[in-house]
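>>> predicted model follows, preceded by the sequence.
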Amino acid sequence: MANIYDVETYEPSESIGYLMTRVKVEMLAALDRELAADAHLSALGVTSAQFVVMVRLVGAGNRKSASDLCKELSYDAGAMTRMIDRLEKKGLVRRMRCAKDRRLIYLEATEAGRAAYPRMLEISVAVQNRFLRGMELQDARRLRDYLARMLHNAS
């Protein structure tokens with residue numbers, strides 16, 4: 001297979017990496033605006049970054065350590081600690097010591113976190129669908145499959 005890019009014709013602002021980064025930034029900004037505009041969630045002050053953590057705790061259906069989340073989300077430990085502190089203050093997440101190894105601290109969504117999650121998810125889906133507007137369903141699925149293939153190629 002031939003390379004898509006070469007040094008002579010490469011235009012960084014038109015590259016797939018640049019465009020994916022811009023889409024991610026714009027999508028998270030749109031999600032932040034929609035979360036802030038929601039009557040229930042605005043009172044909690046949930047951000048897109050916090051939603052991403054909640055997805056890992058509620059969507060995965062199990063407890064995780066802060067270290068696990070750092071690896072999954074490419075966050076540094078300090079940023080993750082601050083994020084968890086904010087989520088804990090909002091009553092959405094709690095820290096729990098592992099019964100078998102008291103040095104380990106697991107995170108789990110609280111009842112309030114699990115109750116708020118479906119609305120967060122609805123808003124996220126609406127934002128993603130807005131970004132896919134004008135695409136045929138098969139094109140959106142193909143885009144998803146291409147991105148999944150790129151992630152697979154990264155490992």
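That came through fine.
>>> which residues in this protein form helices?
Shown for the chain, the helices assigned by DSSP state H span residues 16-37, 39-44, 48-54, 66-73, 77-89, 111-131, 137-154.
>>> need the winner for burial among these.
With neighbours defined by mean count of other C-beta atoms under 10 Å, none of those is more surrounded on average than helix 48-54, at a mean of 21. (C-beta placed from N, C-alpha, C; glycine too.)
>>> if you average the pLDDT over that one, what comes out?
When pLDDT is averaged over helix 48-54, the result is 94.
>>> residue contacts, the residue nearest in space to the middle of the chain?
Among the residues of the chain, residue 52 comes closest to the average C-alpha position under C-alpha atoms, centre = their mean, at 3.1 Å. By C-beta atoms under 8 Å, 6 or more residues apart in numbering, the contact set of residue 52 is residue 73.
>>> again, only this time at 10 Å
28, 31, 69, 72, 73, 75, 83, 124 (C-beta atoms under 10 Å, 6 or more residues apart in numbering).
>>> okay, the last one: pLDDT?
Each residue has a pLDDT score; the one for residue 124 is 97.
>>> surely it touches residue 51?
Yes. If you go by C-beta atoms under 10 Å, residue 124 and residue 51 touch, sitting 6.4 Å apart.
>>> overlap of the contact sets of those two?
Residues touching both residue 124 and residue 51 (C-beta under 10 Å, 6+ apart) are 31, 35.
>>> surely residue 121 and residue 46 touch.
No. Taking contact to mean C-beta under 10 Å, the distance of 11.7 Å between residue 121 and residue 46 leaves them out of contact.
>>> overlap of the contact sets of those two?
residue 54.
>>> among the helices and strands of this structure, which has the poorest mean pLDDT?
In the chain, the helix or strand scored least confidently by mean pLDDT, DSSP states H and E is strand 64-65, which has a mean of 84.
>>> which residues sit against that strand?
Looking at what lies outside strand 64-65 - C-beta under 10 Å, 6+ apart - the contacts are 53, 56-57, 70-72, 80, 95, 98, 104-108.
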